[in-house]
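Engineer: coords please:
(2 chains)
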Amino acid sequence: MGPARPYALVLLAFFTRCALALWPIPRSLVGGTTPVKLSPSFSIDLGDVHDPPADLLAAASRSRSRLDSDRFQRLVLGRGASDTGAIARAHTLHSVSLALCPGSLVRSIADETNKPIDSKSESYELWIPTNDTRAMLTANSTLGLLRGLTTFEQLWYDYGGVKYMLDGPLRIVDEPAFPYRGFSFDTSRNFYPVSDILRTIDAMSWVKLSVLYWHIIDSQSFPLGIPAFPELSEKGAYSLDEIYTGDDVQRIIKFANERGVDVVVEMDWPGHTTAISSAYPEHIACASKSPWSKYASEPPAGQLRIASPSTLSFAQTLFASVAQMLPGTMMSSGGDEVNLPCWEEDEQTKADLARRNITIDDALNEFVQTVQGVIVEHGKTPFIKSDMVLTHNAPVVDDTVVVVWQKSEDATAVAQRGLRLIHQPSNYFYLDCGGGEWLGNDVLGNSWCDPFKTWQRAYSFDPYTNLTIQQFSLVLGGQMPLWSEQSSPENLDPIVWPRLAAGAEVFWTGATLPDGLPRLNTNATASTHALARLNELRYRMVDRGVNAIALQPKWCVLRPGECDLES
Amino acid sequence: MRSVYLLLLSVHFGFVLGLWPLPRSLQTGTSTLRLAPNFGIDIDDAHAPADLKEAISRTKAFLKSDKLGRLVVGRGAEDSDALQRAKSLETLKLSLAHGAPARSITDEARLAIGTRREEYELHVPVDGSAATLIANSTLGLFRGLTTFEQLWYEWAGQIYTVEAPISISDSPAYPFRGFMLDTSRNFFPVSDIKRTLDAMSWVKMSQFHWHVTDSQSFPLEVPGFTDLASKGAYSSSMVYSPSDVRDIVSYAGARGIDVMIEIDTPGHTAIISAAHPEHVACAQASPWGTFANEPPAGQLRLASAATTNFTANLLAAVARMSPSTLLSTGGDELNTECYAQDPETQADLKATNRTLEQALDIFTRTTHAAIRAEGKTPAVWEEMVLEHNVTLGNDTVVMVWISSANAAAVAAKNFRIVHGPSDFFYLDCGAGEWIGDDVANSWCDPFKTWQKSYTFDPLANISASQAHLVLGGEQLLWTEQSGPENLDSIVWPRAASSAEVFWSGPGGNLSTALPRLHDVAFRMRQRGVKAIQLQPLWCALRPGQCNIDS
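Structural biologist: Predicted coordinates:
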């Protein structure tokens, strides 16, 4: 889009003035020192977009109302009192004009969001002039315009009711390093009402996350209402009030898509399926069998009877029923933590294997091929968990995306097989670690993936570690997951935010910050500045009703750098 | 044989899932009993104090609004038949034992620690005849009401128990069952503090330790010293006014909770420099790591007579805001380098020919005399006893925080002890480093699980002859990384762990505690406190099935 800008100016704008606090940090930014304020009648003008789609109009309307309702003041001593002079002489903007680049098709944000993961266009260019009353936001797609509006919202501070910034003129040329920037969310171990999911999607969009990976069901409960299989949720959900109906799912996906968030539903099979046994006991081996630790990674035990033709057929039909509910181009069959003794001791599975003269490995291969076949048949890209590939050597289709979860080092082995991957390593990204043991009677146990993954830890992740340059293109991005054994609506916001934003910036910016320097450690200025920007994001989120936790005493927040280790 | 089997089950799992803390003596049956639609709570004294009448009203409201289904598969569906046959309880009769004073709950809760009467007896007959609650004080009646509330579940509009008859005789093992909240690192509105006091009272906690000020902000408006808050609070809306303080202490008192305010001195006072730079040494000196345990650096000039008088007057003014018999003057983490490099302090020491320790002794004696003149007993952090040579009154309460191992040394010096050890009771540990430019974990890693707190032994390494020195303990929330956003979720239900340790005594069984802790957490959520889930709901409904060895 725009010509490349000298990095020296970026450094000046960010690291010495520290006035702008954008998250994720744009790939290229050139700022000046002229104050700019918004006219009270400021408008977001879509006149240059031919026949603008409804979700773009709605996005512009949301941005416009946030420009009023965000009362966020600058995080400095005095909270902007020292800016009154600058505000008085500030250049006034009357509008921002949105336009698509010549030749771009006008499609809805939702349609753009639902494109294949590697073909979305999220880039945008934003120009805040000091010699014109009109700002310009241009992009190749309505999705890019949405990303730009998100950036635009983050530029402004409030003082005395005036919305202003100090860095005009300002040009931002921005695009993500990776298309897949996700949050994986478990709604089975404990249930979350639709309103919690919508609030989370909203917050995800504020940091330009692009995918909600919905781990909707598991062994503990089956909250997904599938029209063709109503008894699965009626008997397998925690209660009739704890079900996502077909309408709920459509509503959530529509809400997400309009905010640039794609939804990947994971049906984690053939393990993690005990809850199916409430309605269909004939399809589940070792259901709630004791001791659970022999048959599963966590209680209750239970896995689909993969060797049974009738179970395979059931799985196929069920998978297709869910695939039909989903407009997106991605779907996951999970596949982590399958347990061999569960099948080895199951009489029916033993009989099925003997009758068909196949091994468990054969049956597992057949199962994976079957569910992947359904996904492909429905025009979607299949996702699978890394242990299915690395431990079980399952024969996956070529364009499978592997979710690397056990440890970050596993990415290397997945890439060596030439498979695409997303990073979700438990040693960097698991939001649930460090909260202690949830299993009973484990006197002084801590969580299996201790310690707590700090925002700094997640932020230090390098998506290209131990990969060759030739393998870089296999990395689609990554996601931070929340497993909900010890989480629920009560702590959803504080356990997720603002830590999830660390992952959002990693996968927006890539291996390094835009200036080419590492995000942490050897780049003290940048890490101090990252904390200041993250503090600001947290305060903005709290102002918008998301209960993001404090990262520091407010004393420190108002004095960036003064609470650093060496200061 | 079936009845024997059921009895064993009831003994083994202790069907009384709801009670937390566990009563000292408890007998239950296996009959279902429901509350009559016109259920009432009577008190035989027409002149019952207002806060007791209000407590009764709250109990009646909770009985209706809790709507907590039993934590079993089906949530009580299996109780339908028994409910149809169940007798109805129409009345709970409250009475004070003969000769017991009819003082308010508030007055009883504010008696000197160790002299409060919290014991009660509760009987719920199986036949529907009136239940009785008797105690030696209104505070005891209040504790009994709290227990009574926890007996009941809801199914299809019926409020019932499946364990009648119930007979409870109860009293706390320790009088100080506390929670400490730091409102300086980040600010908490009054409503958050009140909600926390409510939750504390539901698990019979008796002491709110309010670490109201610290180096980062001074949110307390003290009459005569209003410039401290007007210049040292985070903002004018982040101040506790005297009427806020009255509101908080009276709200606490009516719920059986005494409020011990702490003004941490002479360290942890950097923000006083915003209004009175003349009283603070090394204010915001850099590098902070040389002058303080955390930024910003700054300590009261303890060798200065003017600063000593200022502090004594400030503490006396704070004492006058607080009806408690306890007031903490803090005293942790004193940094000597701050004073060594402060010219004013060095000049003061030289002029008076004193060492720093001698000056600290005079400073402490002066400030303690000032609060004693206001009728307060001082409380201090352990360093005042273990690291400094300071003259303290024999009745001073010493709060152990650095390590649980230090309690024995405090006891050896014959001081009364409140346990708040970081290795068991710090609620903030384990969430990573808050200092910038440092990829590290929290200094007191790991996270202190409810299980860890629950295994605390108040008498570890303390001899029988010293046992009387242990007043109890508290779990603490330092708020560098906390705010209103995560207050409930970081505190509850973990803080209930020590509530049971110090009420029921140590040595509780973790396996049987878990279902009860679930129950109290679920009830908290029904009442609007965002206690976290300890397990998947699947496990909460199936006690024992998610044990590591099940």
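Engineer: how much space separates residue B:30 from residue B:518?
Structural biologist: As judged by C-beta to C-beta, to the nearest Å, residue B:30 and residue B:518 stand 21 Å apart. C-beta here means a position set from N, CA and C on the backbone, and glycine is covered the same way.
Engineer: who's more crowded, those two?
Structural biologist: residue B:518 (24 against 16; other C-beta atoms under 10 Å in any protein chain shown).
Engineer: so what's residue A:405 closest to, chain neighbours aside?
Structural biologist: Excluding its sequence neighbours, the residue lying closest to residue A:405 (C-beta to C-beta, 6 or more residues apart in numbering or on different chains) is residue A:424, at 4.8 Å.
Engineer: no no, residue A:136
Structural biologist: Counting by C-beta to C-beta, 6+ apart, the residue nearest residue A:136 is residue A:127, at 4.4 Å.
Engineer: tell me which element the one you found falls in.
Structural biologist: Here residue A:127 sits within strand A:124-128, counting by DSSP states H and E.
Engineer: quick one: average pLDDT of that strand?
Structural biologist: Averaging pLDDT along strand A:124-128 gives 98.
Engineer: how about stretch A:402-411?
Structural biologist: The average pLDDT within stretch A:402-411 is 97.
Engineer: paired strands for the longest strand anywhere in chain A, with orientation please.
Structural biologist: Determined from DSSP state E, the single longest strand within chain A is strand A:28-45. Listed by DSSP bridges, the sheet partners of strand A:28-45 and their directions read strand A:91-100 (parallel), strand A:162-174 (antiparallel).
Engineer: how close does residue A:514 get to chain B?
Structural biologist: According to C-beta to the nearest C-beta, to the nearest Å, residue A:514 stands 20 Å off from chain B.
Engineer: in a strand, that residue, correct?
Structural biologist: No: using DSSP: H, G, I helix; E, B strand; the rest coil, the assignment for residue A:514 is coil, not a strand.
Engineer: from the contact counts, what lies against the helix or strand residue A:311 falls within?
Structural biologist: Using DSSP H and E, residue A:311 sits within helix A:309-323. With contacts taken as 3 or more C-beta pairs under 8 Å, 6 or more residues apart in numbering or on different chains; DSSP states H and E, helix A:309-323 sits against helix A:360-377.
Engineer: so which residues make contact with the helix it packs on?
Structural biologist: Applying C-beta atoms under 8 Å, 6 or more residues apart in numbering or on different chains, the external contacts of helix A:360-377 come out as A:267, A:269-270, A:304, A:306-307, A:312, A:315-316, A:319-320, A:323, A:331, A:333, A:335, A:338, A:340, A:343-344, A:349, A:352-353, A:358, A:381-382, A:384, A:388, A:392, A:394-397, A:400.
Engineer: count of neighbours near residue B:413?
Structural biologist: Residue B:413: 11 surrounding residues under other C-beta under 10 Å.
Engineer: centroid-nearest residue for chain A?
Structural biologist: Taking C-alpha atoms, centre = their mean, the centroid of chain A lies closest to residue A:182, which sits 2.1 Å from it.
Engineer: which residues of the stretch 351-500 of chain B fall in strands?
Structural biologist: With DSSP state E, counting those that start in this stretch, the ranges of strands along the stretch 351-500 of chain B come out as B:377-381, B:397-400, B:416-419, B:470-477.
Engineer: which one of those lies nearest to chain A?
Structural biologist: Among these, the nearest to chain A by C-beta to the nearest C-beta is strand B:470-477 (12.1 Å).
Engineer: neighbours around residue B:297, how many?
Structural biologist: 25.
Engineer: whoops, residue B:315 was the one
Structural biologist: 25.
Engineer: and the one 3 residues further on, by the same measure?
Structural biologist: Here the count is done by other C-beta under 10 Å, and residue B:318 has 24 residues near it.
Engineer: check contacts around it.
Structural biologist: Under the criterion of C-beta under 8 Å, 6+ apart, the contact list for residue B:318 reads B:220, B:222, B:261, B:263, B:327.
Engineer: number of nearby residues for the fourth one?
Structural biologist: When counting by other C-beta under 10 Å, one arrives at 26 neighbours for residue B:263.
Engineer: please apply the same query to the third one.
Structural biologist: Residue crowding around residue B:261 was assessed by other C-beta under 10 Å; the count is 25.
Engineer: check which helices and strands the helix or strand hosting it sits against.
Structural biologist: Per DSSP H and E: residue B:261 is located in strand B:258-262. Identification of packing neighbours for strand B:258-262 by 3+ C-beta pairs under 8 Å, 6+ apart yields strand B:207-211, helix B:242-253, strand B:326-330.
Engineer: and the last one, which strands flank it?
Structural biologist: When pairs are called by DSSP bridges, strand B:326-330 turns out to pair with strand B:258-262 (parallel), strand B:377-381 (parallel).
Engineer: what's the first one in contact with?
Structural biologist: By C-beta under 8 Å, 6+ apart, the list of residues contacting strand B:258-262 from outside reads B:109-110, B:113, B:178, B:180, B:206-212, B:248-249, B:252-253, B:318, B:321-330, B:379.
Engineer: what do you get for stretch A:503-522?
Structural biologist: Contacts with stretch A:503-522, where a contact means C-beta under 8 Å, 6+ apart, come from A:7, A:10-11, A:23-29, A:176-178, A:180-181, A:183, A:204, A:207-209, A:429, A:456, A:458-464, A:477-480, A:523, A:526-527, A:530, B:439.
Engineer: so where do the strands sit in the stretch 401-550 of chain A?
Structural biologist: Listed in chain order (using DSSP E, counting those that start in this stretch), the strands of the stretch 401-550 of chain A are A:401-404, A:420-423, A:475-482.
Engineer: so residue B:27: helix, strand or coil?
Structural biologist: Assigned by three-state DSSP, the conformation of residue B:27 is strand.
Engineer: could you find the closest non-adjacent residue to it?
Structural biologist: Spatial nearest neighbour of residue B:27, excluding adjacent residues (C-beta to C-beta, 6+ apart): residue B:167 at 4.4 Å.
Engineer: now the one you found: which helix or strand?
Structural biologist: Counting by DSSP H and E, residue B:167 is part of strand B:158-170.
Engineer: tally of neighbours for the residue lying closest to residue A:320 once chain neighbours are set aside?
Structural biologist: With sequence-adjacent residues excluded and distances taken as C-beta to C-beta, 6+ apart, residue A:320 is closest to residue A:374, at 5.1 Å. A count of nearby residues for residue A:374, using other C-beta under 10 Å, gives 22.
Engineer: next one: residue B:507
Structural biologist: Number of residues near residue B:507 (other C-beta under 10 Å) recorded here: 9.
Engineer: ranges for the helices of the stretch 151-300 of chain B?
Structural biologist: Ranges of helices in the stretch 151-300 of chain B, per DSSP state H, counting those that start in this stretch, are B:190-202, B:226-232, B:242-253, B:288-291.
Engineer: report the buried residues of the strand holding residue B:167.
Structural biologist: Buried positions in strand B:158-170, judged by neighbour count with 16 or more other C-beta atoms under 10 Å in any protein chain shown: B:158, B:159, B:160, B:161, B:162, B:163, B:164, B:165, B:166, B:167, B:168, B:170.
Engineer: with respect to residue A:189, which of these is nearest?
Structural biologist: Of all the buried residues of strand B:158-170, the one sitting nearest residue A:189 is residue B:162; the distance, using C-beta to C-beta, is 27.8 Å.
Engineer: element containing the residue nearest to that closest one when sequence neighbours are not counted, please.
Structural biologist: Spatial nearest neighbour of residue B:162, excluding adjacent residues (C-beta to C-beta, 6+ apart): residue B:32 at 5.0 Å. Secondary structure assigned from DSSP H and E places residue B:32 in strand B:25-43.
Engineer: thinking again about what came up before, and the strands of the stretch 401-550 of chain A as TSV, adding mean neighbour count?
Structural biologist: Putting the strands of the stretch 401-550 of chain A into TSV (neighbours: other C-beta atoms under 10 Å in any protein chain shown) gives the following:
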stretch	mean neighbour count
strand A:401-404	27
strand A:420-423	27
strand A:475-482	25
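Engineer: make TSV out of the ones you listed and add distance to residue A:153.
Structural biologist: Shown next, in TSV, are these (distance: least, C-beta to C-beta, whole Å):
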stretch	distance to residue A:153
strand A:401-404	31
strand A:420-423	27
strand A:475-482	23
